[in-house]
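Trainee: no sequence for this one, just the structure:
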């Protein structure tokens, strides 16, 4: 089930109304939200439910073991190992079997092309596996107590707004709020929640899907004669925007739905394409994953405490793991490797004299350097996106080659010039400006002015939500890109 | 002065209540004005660049482009042979020698959905197995009225067609659930667009605001037969849909009689009818109409329903397999041998079926 589908909207409205009446009775509220979450996950995929429940049972039991057993390290390995093994089994079996069959044709019989056609990865497994690992490690580190109630823990792990594509939450960001006596009884900032939902729906239905319609045929035929001579760079720019709008839309909606039930979750994006270095990009892009990788991979590996070489090695290993987490394909490893290389290069550059000199500039020189750094960073990220979008290595390389090899007569035409795409982006910017202006206006003193602006703020929110539903492309809606991970 | 006096009196009577109502009124004003501004932005967006799904319903205002001209009988027809040629690049090349040929071969022309046009389907199967006829098809799916208009244009341009085959599946009838013949519009750039059915109240807004039109077209009530699901084609086909179907094929029957070209309507069953026991409402409704209009109707359902291995007749996307296409062609050949004295030289249906 996905947020923009009718069954979800019916489920959400039903659950919200019931929750409203049951919110002061904790057990009833937990039972209601948990049932809704399991129904959300099992919708059309009943066979996946046992996997989610197995994760919840094992993680809860292992965390409880930490409190009683002296063999803490052993149980931690058991818990983390289970999470990673099941995750790896589902995500990487086809890749590994196929790769071994290719490398050792004599030992393993040749597989038919459609050998893994029906292999399906339980959706959201990467997210709930990481949330589970974070919980067990935090309990083992004694930064959070183990949750005694299995039902409350399962609710925290499987709560439907964040279940499928995050944000990846730490125990103190959500589990603590479902403990006895802590369960929220009122929506958290309903106005902000409404705006997050309106913005999320608009980003997904109007901007991301519209961009997808324009660029998907190009990427589907990247190695065909039909795209010969076509300049790939604008399509990669648009893909960079599409994945940002698609994923941040999901996060906005997840946060919005969470807030309506009283939970405030962290931001996942902070204008990532305004980053002036790849290091800065990772502080702004999928922030809850970056934070997870830093706290549960990079720092345990040694972080920057063991000299320059180990630091660089740890950076590279972390990013390679981050790449592999995204998907079972070597191209994701290349994507992670590229980001790791950019991070290492940036680390080297940051300590150099030219960097110090440039950073010490003021005025126009500094502004110019800022713009150059921004453009350079964006294109480094775009280069990596080529390997993320196209999972066949030859296609990714063809895409990169087409950044420079192109027919000048075909540069300024084609689907990337589609006015509907650029005007949809312009409309999004105009709506963000309208929301910002009304919000600022509402915060100024003056009783009548304040009342007018408050009405206007709500007007912008409602109208944005309606507009998203109205001008979304008709027909089958493509799923969120991050659902595949 | 008088108003000020009244306000003064009211304030004196219930100041707190008045102040509260004034705040609520101002808040509502802010809400309405902001909504209006956002919708105005949306309207501007749709005016500047209507997306494809809205352009479909903008009638003559649509920016869609194509090779068509308006036509009173079919709604739209190809503007000219050159326009048809440009819209089907390379597709006419194998047949150019046939046009105005003083000694033409015997040409069978196929028009219809993907069941006739797609690679390996009926037209291709006929081309491979009926060697003493030249098979003509454009290999492209078009809406029902355009297929008929194409046939008429090709005849008028000198393609010597001995027999026309119109291959019809129940889904073809769904076109008239969406649009009536009167709703078809050709844009100034030659594209096909449609006028939506207007609501009983508020038609002015639908005509003049693209945002409202987009909203209206998303409800489904703009269709010729609102909320008519495709699955109902097997159970019920009547009313405005059947009326349009009758009108369209009536025009085509007259045109073909004038040109003395026989037309065989091949009515083929879909997967649900063959394998899932669905009804034949569509075929049952159009057969008497078509016969009355003088068409040669070849309903192949019997051959498919009695086939011992029905799954072998279909490929996974529910089109016919090679076995299915051979069975279809064999049934059509049997029908022609039985009804048409000019077609005695056709291959033996039994060999075609194997």
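Mentor: Everything's here; your move. Quick caveat, the model's predicted, so the values are computed rather than measured. Residues are numbered from 1 along each chain as shown, chains lettered A, B, ... in the order given.

Trainee: leaving out the residues flanking it, which one is nearest to residue B:264?
Mentor: The shortest distance from residue B:264 to any non-neighbouring residue, by Cβ to Cβ, 6 or more residues apart in numbering or on different chains, is to residue B:296 (4.6 Å). Glycine gets a C-beta too; all of them are placed from N, C-alpha and C.

Trainee: which residues touch the one you found?
Mentor: Residue B:296 makes contact with B:262-265, B:339-340, according to Cβ atoms under 8 Å, 6 or more residues apart in numbering or on different chains.

Trainee: can you list which of those residues are found in helices?
Mentor: Among the contacts of residue B:296, the members found in helices (DSSP state H) are residue B:339.

Trainee: quick one: which of the contacts of residue B:296 is nearest chain A?
Mentor: residue B:265 (31.0 Å; Cβ to the nearest Cβ).

Trainee: wouldn't the closest one be in contact with residue B:298 here?
Mentor: Yes - if you go by Cβ atoms under 8 Å, residue B:265 and residue B:298 touch, sitting 6.8 Å apart.

Trainee: OK, contacts around whichever residue of the stretch 201-350 of chain A sits closest to chain B?
Mentor: Per Cβ to the nearest Cβ, residue A:210 is where the stretch 201-350 of chain A lies closest to chain B, at 7.2 Å. Residues near residue A:210 by Cβ under 8 Å, 6+ apart: A:420-421, A:424, A:473, B:51.

Trainee: got phi/psi on it?
Mentor: In terms of degrees, to the nearest 10, the main-chain angles of residue A:210 are phi -70, psi -40.

Trainee: could you measure from it over to residue A:100?
Mentor: 41 Å (Cβ to Cβ, to the nearest Å).

Trainee: and residue B:70, helix, strand or coil?
Mentor: strand (DSSP: H, G, I helix; E, B strand; the rest coil).

Trainee: next, count neighbours for it.
Mentor: 16 (other Cβ atoms under 10 Å in any protein chain shown).

Trainee: one step back: most neighbours, which of the contacts of residue B:296?
Mentor: residue B:263 (25 neighbours).

Trainee: so what's that residue closest to, chain neighbours aside?
Mentor: Closest residue to residue B:263 apart from its sequence neighbours, by Cβ to Cβ, 6+ apart: residue B:164 at 4.6 Å.

Trainee: and the gap between that neighbour and chain A?
Mentor: 33 Å (Cβ to the nearest Cβ, to the nearest Å).

Trainee: and what of residue B:299?
Mentor: 33 Å.

Trainee: that residue pairs with what?
Mentor: For residue B:299, the beta-bridge partners under DSSP bridges are residue B:267.

Trainee: let me see the contact set for it.
Mentor: Contact analysis of residue B:299 by Cβ under 8 Å, 6+ apart lists B:267, B:283, B:287.

Trainee: list the buried residues for the helix or strand containing residue A:77?
Mentor: Using DSSP states H and E, residue A:77 falls within helix A:72-103. Buried positions in helix A:72-103, judged by neighbour count with 16 or more other Cβ atoms under 10 Å in any protein chain shown: A:75-76, A:78-80, A:82-83, A:86-87, A:90-92, A:94-95.

Trainee: so which pair among these is furthest apart in space?
Mentor: Spatial extent of the buried residues of helix A:72-103 (Cβ to Cβ) is set by the pair A:75 and A:94 at 31.0 Å.

Trainee: which positions in chain A make contact with chain B?
Mentor: For chain A, the residues in contact with chain B (Cβ under 8 Å from any Cβ of the partner chain) are A:210, A:419-420, A:423-424, A:426-427, A:430-431, A:434, A:438, A:447-448, A:451-460, A:462-464, A:467, A:469-471, A:473-475.

Trainee: could you give the backbone dihedrals for the closest residue to chain A within the stretch 251-354 of chain B?
Mentor: Here the stretch 251-354 of chain B gets closest to chain A at one residue, residue B:316, 11.9 Å apart by Cβ to the nearest Cβ. Backbone geometry at residue B:316, expressed as degrees, to the nearest 10, gives phi -60, psi -30.

Trainee: now do the host helix or strand of residue A:55: distance to the chain's middle.
Mentor: Taking DSSP H and E as the definition, residue A:55 sits inside helix A:49-68. Put simply, helix A:49-68 sits 25 Å off its chain's centre (Cα atoms, centre = their mean, to the nearest Å).

Trainee: returning to that earlier point: closest one to residue A:228 out of the contacts of residue A:210, please.
Mentor: Relative to residue A:228, the closest of those is residue A:421; by Cβ to Cβ it sits at 22.8 Å.

Trainee: contacts for the helix or strand hosting that closest one, please.
Mentor: Using DSSP H and E, residue A:421 sits within helix A:419-442. Applying Cβ under 8 Å, 6+ apart, the contact partners of helix A:419-442 are A:195, A:199, A:202-203, A:206-207, A:210-211, A:214, A:238, A:241, A:245, A:449-450, A:453-454, A:456-457, A:459-461, A:464, A:467, B:34, B:37-38, B:41-42, B:45, B:48-52.

Trainee: pLDDT below threshold where in chain A?
Mentor: A:106-115, A:117, A:475-477, A:482-485 (pLDDT under 70).

Trainee: domains in it, by residue range?
Mentor: According to automatic domain parsing, chain A comprises the domains A:6-185, A:192-410.

Trainee: who wins for proximity to residue B:235 among the ones you listed?
Mentor: Checking the domains of chain A against residue B:235 by Cβ to Cβ gives domain A:6-185 as the closest, at 24.5 Å.

Trainee: averaged pLDDT, stretch B:17-31. What do you get?
Mentor: Stretch B:17-31 carries an average pLDDT of 85.

Trainee: mind listing what's buried along that stretch?
Mentor: With burial defined by 16+ other Cβ under 10 Å, the residues of stretch B:17-31 counted as buried are B:23, B:26-27, B:30-31.

Trainee: so which of these is the closest to chain A?
Mentor: Nearest to chain A among those, with distances taken as Cβ to the nearest Cβ, is residue B:30, at 2.9 Å.

Trainee: around chain A, which positions in chain B sit nearby?
Mentor: B:22-24, B:26-35, B:37-39, B:41-42, B:45-46, B:48-53, B:211, B:214-215, B:217-218.

Trainee: starting at the chain centroid, how far to stretch A:424-444?
Mentor: 25 Å.

Trainee: which neighbouring elements make contact with the longest strand anywhere in chain B?
Mentor: Counting residues, the longest strand found in chain B (DSSP state E) is strand B:161-168. Where contact means 3 or more Cβ pairs under 8 Å, 6 or more residues apart in numbering or on different chains; DSSP states H and E, strand B:161-168 is packed against strand B:107-112, helix B:114-117, helix B:144-156, strand B:263-267.

Trainee: following the last one, which helix or strand shows up next?
Mentor: Pointing back at strand B:263-267 there. Next along the chain after strand B:263-267, taking DSSP H and E as the criterion, comes helix B:271-275.

Trainee: ok, the residue in the stretch 301-450 of chain A positioned nearest to chain B - how many residues close by?
Mentor: In the stretch 301-450 of chain A, the residue that lies nearest chain B is residue A:419 (4.1 Å; Cβ to the nearest Cβ). Using other Cβ under 10 Å, residue A:419 has 14 other residues around it.

Trainee: same thing with residue A:469?
Mentor: By other Cβ under 10 Å, neighbour count at residue A:469 equals 14.
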